[in-house]
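S.K.: Just a sequence and a predicted model for now, questions to come.
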Amino acid sequence: MKVSSRRSFFRYMALLGLVTFSAVPLYAKAQKDKVKYQELPHDAQHCSTCNYFLPKEKQCILVEGSINPNGWCSLYFKKV
């Protein structure tokens, strides 16, 4: 009987850990000033050609706030 209750306890704790882990964001977005965000492009690099830019939302996966499609930051990574 004790083995069964011990297994139940560990299953419950594992499930509780998964639920807690899934409810907590894994990362926070960076502030614009920390990544040198600017409203103007940097040479041919601009947010609309960046892998992290979400055009419909005008948001970035990595940078907080509204993002100008013609903007640029130091996290720029060209879409493939």
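M.R.: Yep, it's here. Residues are numbered from 1 along each chain as shown.
S.K.: Pretty sure residue 57 sits in a strand.
M.R.: No: Residue 57: not assigned to a strand; according to DSSP: H, G, I helix; E, B strand; the rest coil it is coil.
S.K.: quick one: what helix or strand has residue 6 in it?
M.R.: helix 2-23 (DSSP states H and E).
S.K.: any low-confidence regions in the protein?
M.R.: 1-4, 20-26 (pLDDT under 70).
S.K.: quick revisit: so how far is the helix or strand following the helix holding residue 6 from its chain's centroid?
M.R.: Using DSSP H and E, the helix or strand that follows helix 2-23 in sequence is strand 53-54. Here strand 53-54 shows a centroid-to-chain-centroid distance of 11 Å under the convention CA atoms, centre = their mean, to the nearest Å.
S.K.: what's next to strand 53-54, contact-wise?
M.R.: Residues from elsewhere that reach strand 53-54 (CB atoms under 8 Å, 6 or more residues apart in numbering): 47, 59-61, 67, 69. For glycine as for every other residue, the C-beta is placed from the backbone atoms N, C-alpha and C.
S.K.: Since that was my last question, I'll sign off now.
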